[in-house]
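J.: here is a sequence with its predicted model. Questions after.
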Amino acid sequence: MNELTKVKVRYAITALIIGFLAGWVFITMLSPGKAGNESETIKFAFLGGMTGDIAVYGVPMSDAVKLAIEEINSKGGIKGKNIELLIEDGKCAGKDAATAIQKLINVDKVNAVIGGLCSAETLAAAPIAEAAEMVMLSPSSTNPTIKNAGDFIFRNVPSDAGQGVEAATFMNEKGYKKIGVLSRNDEWGVALAEVFVNKAEELGIEIVAHEKVEPSATDAKTQITKIKNANPDAVYLPVFVAEGIIVLKQMKELGLNVPKVSADAVKDDSLTRDAGQAAEGLIFLLPGIPESPEFKAFAAAYKAKYGKEYAAYTSESYDAVKILAWACGNSDCSGKGIKEALYSMPEYKGASGTYAFDEFGEVMKGYDFFEVKNGEIVPFER
Amino acid sequence: MGVTAQLIANGIIAGSIYALVALGYTMVYGVLKFINFAHGEVYMLGAYIAWVVSIGLGLNIIVGTIVAILGCAVIGFLMEKIAYKPLRYSSRLIPLITAIALSLFFQSLALLLFGAEVRTLRQSSVESGMQILGASVTPTQIMILGVSIVLMVGLHVFLKYTKMGKAMRAVADNMQVASVIGINIDRTISAVFIIGSMLAAVGGVLVGYEQNLNPTMGVSMSIKGFTAAVVGGIGNIYGAVIGGFAIGLIENIGIWFIPSGYKDAIAFFILVLMLVLRPQGFFGGKTEEATRG
Amino acid sequence: MGYIEHLLIIICIYIILAVSLNLIMGFTGLLNLGHAAFFGIGAYTSALLTLAGVPFGIAFIASFVVAGMFGFLIGLPCLRLRGDYLAIATLGFGEIIRAVLKNWISLTRGPLGIPGIPKASFFITFDTSVKFLVFAAVIAVVTIGIVSRLVHSPFGRVLKSIREDEIAAQALGKNVMKYKMIALVIGAAFAGIAGSMYAHYITFIDPSSFTLVETILIVSMVVLGGLGSLLGSVIGVIILVLLPEPLRFVQLPSAIVAAIRQMLYAIILIVLMIVRPQGMVGEKRYKARVEE
């Protein structure tokens, strides 16, 4: 072949590859095209971070969603139709969440979305969902700004505006006058810490140190040294379990043995298993989970199906499905229908609490306190 | 004062691990003039292999470490043979992208096989630190420092006195001449990858033991590792060691003064500063190497 | 259908990023691993300005200028470095900028990101996907046009000569530093407007969109298409944006899917690099043996 032919061949191959890819996208897009409520099934989607650091939350949450859907389907589904579940990885990033929600809306034509997991996902997907009149119900995005993200945007987890205040109030009651804060450096940790610090200072507490630790960091020794040097009466730790374990261990190693209060995200089997002695005495808050029959049933079912303890936000995810299913069943299951149903929903007693949405699509909840005692996570009487 | 001592201690311990990882980078760069971005993942895989053996299968941690070392040696060897050797003479960008893609591949693999939960290699109780010269240091941390130093000394001895070690130095110095005098380039390069990977494996096990494991632990270690290598003068083994400790110290002492959110950026800042002021690192070759080559 | 439009818009934004990077890397031979930082600077500039009430048109131009300025600032210390050192230095600067975006909370809200960025509007508001797509496509085409004129001009020839043999170019009396700087600044500036477009399309930005991984993605697009080929950049973008999408449709157990997608993407890249490193339509030179 001479040079010119070679070049032509190259271009031809390139064009073929692009054509193939574009065609593949196009064809697969066209196939699952029927809207949820026209076909035999109702479609719900879970949009959350399933890879990367966040997967340690995303995967159990999607499992809880699956559990809920199975239970509903086994009882006849919604008005006789089964629920089909789609899962999209939002990667805890705006761009990916936006692409995912676009697909869920335009291609899969789902009826409702459980998600996003991370506040970044919810905030990025919200305007798109809002414009398309698609309901999003997040079981775990706690960033305060989500309150105003849209009419179609709901969450059944209280905004961190609540948790930070609660933690500060609690620590004030305990008489801690000087507090050191070590927060996870991401949208969750920073927002929560901000609320905490504002309330604490309002109550007259001095924040003697405020350090940050990167998500999944493996070494927080110098941050802890700084905090220790400021001589706090206690520390507040808005961190996830990954770096939380390191922080607790290193606090013990470095001899920072003051009372420690943390946040909901540390509730996970690995806390006691991997932090061992260092976690002893840790107190943390969790959006109140009632010791109700609904909760017990969920915890048992989750354990039976997946073989491990329920993790943070799984009961909320489970409830989110059931709430959406209720709304779908009590309406025409369109975006608007579900939205209306949610706003007018009477108190729903779920596994993670009793809910009713306010005019912003938010829920309020009390917080429960837990303590690590003798290597176990047990309820703590305030 | 106790705090200063503590910061220095923190820095030295962190630095010893950076040094181990930096050695792998610098050795590979020395012979191939190429930055193996996937090296951080070898470190991560070392930790996970040890986990599988000692926690998953319940065997002794020493056994786990040995298996990890051998496993990573194999991974390093295969990585070079399959992905890098064919690209040895391509323009520099291609192996770079391949390395980055490999890094992503290993992370996904770890995620697939082990899930994203955080794990740890040590399930015994957490120790309280002992007081040494005003700093709180645990026995484990001392062990880490000890092991790292032993390995570095061992590497020095290897490079200086063994045949393969000398061959590596020769190839790093001038590949063409080395090949002319009869050194088997392919084998030497493989050996470089194998040894670098083994060191990284130990680093991974040490960190997994002292701290914890997760599939993305290789990423930030990568950056600190090769920053350390550059600071010391990339291609220079002793420089890598010093660079490792330097980064560890500067990082830990540095965030005393600036907000701790910038901790990871410190390594980069040092990197950039070095490159701008003294690109050949502290112990590297002539300035010409780095500028307007 | 919104999904197709969405993909096309993303493609247009990445075309601008790839073409601008190609100008720096493919035509001038500078290994710039900090490109995502310019993207981010443009995005934040535009977002912050419009939220402060500045009209989009001005914010858009501002992101061009500010990103270009940063290109200049980074070029000053870095451009005299060679090869890998330049790569690492730009990488370092890129990460430092991202750390600043993440930690300078009073300015950027740090990891909380900036939600509610106003829609782009220039005489008309680009509030539907279609309208934005038209806008994006126009900008993409204009970018390609400008860069194309640049590289096919005498200026462009000097750039290529610098890429081939810097010392020779200098010996012939060309102010090498000046040419490199111009290429870097222009490349950075275009990355900046890509950032502005991204910000006003997704309406939410946070530092996690502008990481090293993002730069690597753009580099992959350029290399895949072929360094030194503008058509190649377009092709590379299309392939790498579309590639993960069909994988989205494969429904397997949840945790597995996402990890497999990432792994496949990595494998495909590796195979492409080994089998066809000059990219789809790149110049043959990239396969030849390269001297030190």
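T.: Happy to help now that I have it.
J.: from now on I want contacts and neighbour counts done on CA atoms only, so please keep to that.
T.: Fine.
J.: skipping adjacent residues, who's closest to residue 159 in space?
T.: You didn't pick a chain, so chain A it is. Spatial nearest neighbour of A:Ser159, excluding adjacent residues (Cα to Cα, 6 or more residues apart in numbering or on different chains): A:Thr142 at 4.5 Å.
J.: ah, no, chain B please
T.: Nearest one to B:Leu159, counting by Cα to Cα, 6+ apart, is B:Gly165 at 3.7 Å.
J.: check A:Asp269 too.
T.: Nearest one to A:Asp269, counting by Cα to Cα, 6+ apart, is A:Glu309 at 6.9 Å.
J.: what's the local residue count around the residue nearest to B:Leu159?
T.: 18 (other Cα atoms under 10 Å in any protein chain shown).
J.: secondary structure element for it, which one?
T.: Using DSSP states H and E, B:Gly165 maps to helix B:163-173.
J.: starting at the chain centroid, how far to that helix?
T.: Here helix B:163-173 is found 20 Å from its chain centre; the criterion is Cα atoms, centre = their mean, to the nearest Å.
J.: mind checking how far the closest residue to A:Gly375 other than its chain neighbours is from A:Pro259?
T.: Closest residue to A:Gly375 apart from its sequence neighbours, by Cα to Cα, 6+ apart: A:Thr272 at 5.8 Å. From A:Thr272 across to A:Pro259, the span is 17 Å (Cα to Cα, to the nearest Å).
J.: same thing with C:Gly57?
T.: With Cα to Cα as the criterion, C:Gly57 and A:Pro259 are 54 Å apart.
J.: send the alpha carbons of stretch C:172-188 over as PDB?
T.: Provided in PDB are the C-alpha atoms of stretch C:172-188 (Å, rounded to 0.1, in the frame of the first residue of the first chain):
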ATOM      1  CA  LEU C 172      18.600  30.200  14.500                       C
ATOM      2  CA  GLY C 173      17.900  33.200  16.600                       C
ATOM      3  CA  LYS C 174      14.300  32.400  17.700                       C
ATOM      4  CA  ASN C 175      13.400  33.600  21.200                       C
ATOM      5  CA  VAL C 176      12.400  30.100  22.300                       C
ATOM      6  CA  MET C 177      11.100  31.200  25.700                       C
ATOM      7  CA  LYS C 178       8.800  33.700  24.100                       C
ATOM      8  CA  TYR C 179       7.200  31.200  21.800                       C
ATOM      9  CA  LYS C 180       6.800  28.600  24.400                       C
ATOM     10  CA  MET C 181       5.200  31.100  26.700                       C
ATOM     11  CA  ILE C 182       2.700  32.300  24.100                       C
ATOM     12  CA  ALA C 183       1.700  28.700  23.300                       C
ATOM     13  CA  LEU C 184       1.200  28.000  27.000                       C
ATOM     14  CA  VAL C 185      -0.800  31.200  27.700                       C
ATOM     15  CA  ILE C 186      -3.100  30.700  24.700                       C
ATOM     16  CA  GLY C 187      -3.600  27.000  25.700                       C
ATOM     17  CA  ALA C 188      -4.400  28.000  29.300                       C
END
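J.: and it, what's its mean pLDDT?
T.: The average of the pLDDT scores along stretch C:172-188 is 89.
J.: mind listing what's buried in it?
T.: If you call a residue buried by 16 or more other Cα atoms under 10 Å in any protein chain shown, then stretch C:172-188 has these buried ones: C:174, C:176, C:179-188.
J.: part of a helix, is the residue nearest to A:Gly375?
T.: Yes. Under DSSP: H, G, I helix; E, B strand; the rest coil, A:Thr272 falls within a helix.
J.: buried set for the helix or strand containing B:Val230?
T.: Using DSSP H and E, B:Val230 sits in helix B:217-232. Residues B:217-219, B:221-232 are the ones in helix B:217-232 that count as buried (16+ other Cα under 10 Å).
J.: any part of the lengthiest helix in chain C near chain A?
T.: Ordering each helix of chain C by length in residues (DSSP state H) puts helix C:176-202 first. Yes. Among the residues of helix C:176-202, C:Ile202 lie within reach of chain A under Cα under 8 Å from any Cα of the partner chain.
J.: immediately after that helix, which helix or strand?
T.: Downstream of helix C:176-202 (by DSSP H and E), the next one is helix C:212-225.
J.: check whether that following helix comes near chain B.
T.: Yes. Helix C:212-225 is in contact with chain B by Cα under 8 Å from any Cα, via C:216, C:219-220, C:223.
J.: ok, and the most crowded of those residues?
T.: Within the residues of helix C:212-225 next to chain B, neighbour counts (other Cα under 10 Å) peak at C:Val223, which reaches 31 neighbours.
J.: chain neighbours aside, what residue packs nearest to that residue?
T.: Leaving aside its sequence neighbours, C:Val223 sits nearest to C:Gly279 (Cα to Cα, 6+ apart; 5.8 Å).
J.: and if you look at A:Ile245?
T.: Of all residues not flanking A:Ile245 in the chain, A:Ala275 sits nearest, at 5.2 Å (Cα to Cα, 6+ apart).
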